[in-house]
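# need coordinates for the following:
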Amino acid sequence: MNPVHRRLALLLAVALAAFAQAAIADVDLLGAWEAAQRQDPAFAAAGAELVAGEARSRQARALSLPTVTVRGSVGYGGATQDSTGAQFSAPGFGTVDGADFRTDIRDGTATSWRVTAEQPLYNEQRSANARQLELQADQAGIGHRAARQDLMLRTARAYFEVLLSEDALLEIRRQKAATARALEVAQGSYDEGKLPVTDRNEARARHDGILARESAAEDDLALRRSALFDLTGIAAERLKRIPDGVPLRAFDAGRLEAWLSKAGDGNPQIGMQVLSRDIAAQEVRKWTAQAAPTVSLVAQANGERLSGNGGFGTGASVSSTNGVVGLQLAIPIYEGGMRSARADEAVALADKARFGIDATRKAILQQTRGAWLGATSGLTRIASLERAVESARSRVDATTIGHEVGARTTLDLLNAQADLFRALRDVQQAKYQVLLDRLTLAKAAGELSEESLRAANANLVRE
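A predicted model of the protein is given here:
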């Protein structure tokens, strides 16, 4: 292998090693969130909308500034002009009444120019349009904040769904190992004539059922990991978890009324709906204002020239230059009914926006109540489930002794073990839900931030 090939092979090996190291690196909730910001198209779209909103803000300012237009033209043309009964006076000729003048230009070159500057002084439609653009810019900013918080919650939900699916698979594999041991013991006892065939058959049936459930659980885990990968672009095989037997960190949920007040005032979705109502109101104002007069300060200068061959000699030309500065008044008279029709449409859409605020507010407040109850009562539920785990352990111990002395069947033992494994999974599921409820509560109040994710992430470690 020549030196160039060896160098390329070395670089490839280093790159593969780095990729493999990244693939197996531990991932926590904050890492998933940071990756999701770079990966999620919905959040990228909200960022583009934010840039568009900033442009709308500049458009609003432009509507109050003057406009300057320069026009010019050049072309081919001709002109014939007759004047009769004119008065003519010139040095040496005196004054002549009833003079006739004629200009005839053929095959001429026509040029013209015009400069126009206009400053609106009173224009209700422009004012409404400018206000509408400013509100749309504000809406884009709130929309970006809402998209950011939504991505945080979606990332957390996808993260915990992977953990929950891993726990479900772990529960099934624990049952699989227990049923395999039970089947082995039952088969040996049956071969020795110590147990009836029913024990062996029950253990085999339970074991076969577990194998089918394991396959479904593996598929579900693969799907959840794929969803997290699509959201973040990182592998989901080594996620940090909530350790068994470790309580969640403290969280002061406070009073429900305070959270409801925060949600009503600070929730981005409600804020966007309020701005939609205000934008609709400006649309009504804009179309109503079309019937109002407008006043502008206008300055204009223009010139025209036509030169070429004429019937009265070569080099004939006609030119004119003028300018004017003044006020321009425009009064709309009739537009075929378009203004009133659009105004009626705008009024109906404004009513729709107002109803939308009420619907969104009710949904958000209900969501806030649910999240607050989950965040507060969830800890009590976790404590109850942990006591259920201890009871299930005691039941397994008692059933194991009963099975050894022949007072309990193999099926009794498998059922007790399955209840224990299920109780262990239920505890973890309840913990995931409490953390999600805490994040959902913060999102409902418009306060979900990286600090909120950091508080939830503090409960995760690499087992």
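
# tell me where the stretch 151-300 of the chain has helices.
197-232, 256-266, 268-288 (DSSP state H, counting those that start in this stretch).

# one more: the stretch 301-450 of the chain?
Using DSSP H, counting those that start in this stretch, helices in the stretch 301-450 of the chain cover 338-404, 410-444, 450-457.

# just these: most buried one?
Ranked by mean neighbour count under mean count of other CB atoms under 10 Å, these are led by helix 410-444, which reaches a mean of 22. Using the backbone N, CA and C atoms, a C-beta is placed for each residue, glycine as well.

# average pLDDT for that one?
Helix 410-444 carries an average pLDDT of 91.

# identify the bridge partners of residue 323.
Assessed by DSSP bridges, residue 323 has beta-bridge partners residue 301.

# and it, how far from residue 116?
10 Å (CB to CB, to the nearest Å).

# pull up the overlap in contacts between these two.
299, 300 (CB atoms under 8 Å, 6 or more residues apart in numbering).

# neighbour-wise, which of the two wins?
Using other CB atoms under 10 Å, the more surrounded residue of residue 323 and residue 116 is residue 116, with 14 against 10.

# for the more buried one, list the residues it contacts.
Contacts of residue 116 (CB under 8 Å, 6+ apart): 68, 69, 71, 298, 299, 300.

# next one: residue 288
Residue 288 touches residue 343, counting by CB under 8 Å, 6+ apart.

# try residue 320
Here residue 320 is in contact with 303, 304, 305 (criterion: CB under 8 Å, 6+ apart).

# looking at this structure, which strand is longest?
Taking DSSP state E as the criterion, the chain has its longest strand at strand 94-122.

# tell me the strands beside it, with direction?
Partners of strand 94-122 in its sheet, by DSSP bridges: strand 67-90 (antiparallel), strand 294-310 (antiparallel).

# can you pull the buried residues of the shortest one?
Of the residues in strand 294-310, 294, 296, 300, 305, 306, 308, 310 count as buried by neighbour count, 16 or more other CB atoms under 10 Å.

# can you pull up the bridge partners for the residue lying closest to residue 67 once chain neighbours are set aside?
Leaving aside its chain neighbours, residue 67 sits nearest to residue 118 (5.3 Å; criterion: CB to CB, 6 or more residues apart in numbering). Beta bridges link residue 118 to residue 67, residue 298, judged by DSSP bridges.

# okay, now residue 118: neighbour count?
Neighbour count of residue 118, defined by other CB under 10 Å: 15.

# was I right to think it contacts residue 294?
No: the pair residue 118 / residue 294 is not scored as a contact, 10.5 Å apart, by CB atoms under 8 Å.

# mean confidence (pLDDT) on the helix or strand where residue 53 lies, please.
In the assignment (DSSP states H and E), residue 53 maps to helix 41-62. Mean pLDDT, helix 41-62: 94.

# packing partners of that helix?
Taking 3 or more CB pairs under 8 Å, 6 or more residues apart in numbering; DSSP states H and E as contact, the helices and strands that helix 41-62 lies on are helix 124-191.

# just the angle between the helix it packs on and strand 94-122, please?
Computed by axes from the mean of the first three to the mean of the last three CA atoms, to 10 degrees, the angle separating helix 124-191 from strand 94-122 equals 30 degrees.

# any regions of the stretch 1-150 of the chain where pLDDT drops low?
1-25, 101 (pLDDT under 70).

# pLDDT weak spots in the stretch 151-300 of the chain?
Counting by pLDDT under 70, the ranges of the stretch 151-300 of the chain that qualify are 186-187, 189-197, 199.

# any idea how far the residue lying closest to residue 349 once chain neighbours are set aside is from residue 343?
With sequence-adjacent residues excluded and distances taken as CB to CB, 6+ apart, residue 349 is closest to residue 280, at 5.1 Å. Going from residue 280 to residue 343 by CB to CB gives 12 Å.

# how about residue 115?
36 Å.

# so who does the nearest residue to residue 392 once chain neighbours are set aside touch?
Spatial nearest neighbour of residue 392, chain neighbours left out: residue 420 (3.9 Å); criterion: CB to CB, 6+ apart. Contacts for residue 420 were tallied using CB under 8 Å, 6+ apart; they are 389, 392, 393, 395, 396.

# do residue 297 as well
Applying CB under 8 Å, 6+ apart to residue 297 gives the contacts 118, 119, 121, 325, 326, 327, 328.

# my guess is the third one meets residue 296, correct?
Put plainly, it is residue 121. Yes: here residue 121 lies in contact with residue 296, judged by CB under 8 Å, at a distance of 5.9 Å.

# name the residues contacting each of the two.
residue 327.

# keeping just the C-alphas, turn the helix holding residue 53 into CSV.
Taking Å, rounded to 0.1, in the frame of the first residue of the first chain, the C-alpha atoms of helix 41-62 are listed here in CSV:
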residue,chain,number,x,y,z
PRO,A,41,-38.1,20.9,10.1
ALA,A,42,-41.1,22.4,11.9
PHE,A,43,-38.8,24.5,14.2
ALA,A,44,-36.7,25.5,11.1
ALA,A,45,-39.9,26.7,9.4
ALA,A,46,-40.8,28.8,12.5
GLY,A,47,-37.3,30.3,12.2
ALA,A,48,-38.0,31.2,8.6
GLU,A,49,-41.3,32.7,9.6
LEU,A,50,-39.5,34.8,12.2
VAL,A,51,-37.2,36.3,9.6
ALA,A,52,-40.3,37.0,7.4
GLY,A,53,-41.9,38.7,10.4
GLU,A,54,-38.9,41.0,10.8
ALA,A,55,-39.3,41.9,7.1
ARG,A,56,-43.0,42.7,7.7
SER,A,57,-41.9,45.1,10.4
ARG,A,58,-39.7,47.0,7.9
GLN,A,59,-42.6,47.0,5.4
ALA,A,60,-44.8,48.7,8.1
ARG,A,61,-42.2,51.5,8.5
ALA,A,62,-41.9,51.9,4.8
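
# other residues contacting that helix?
Helix 41-62 has contacts (CB under 8 Å, 6+ apart) with 36-37, 129-131, 133-134, 136-141, 143-144, 146-148, 150-151.
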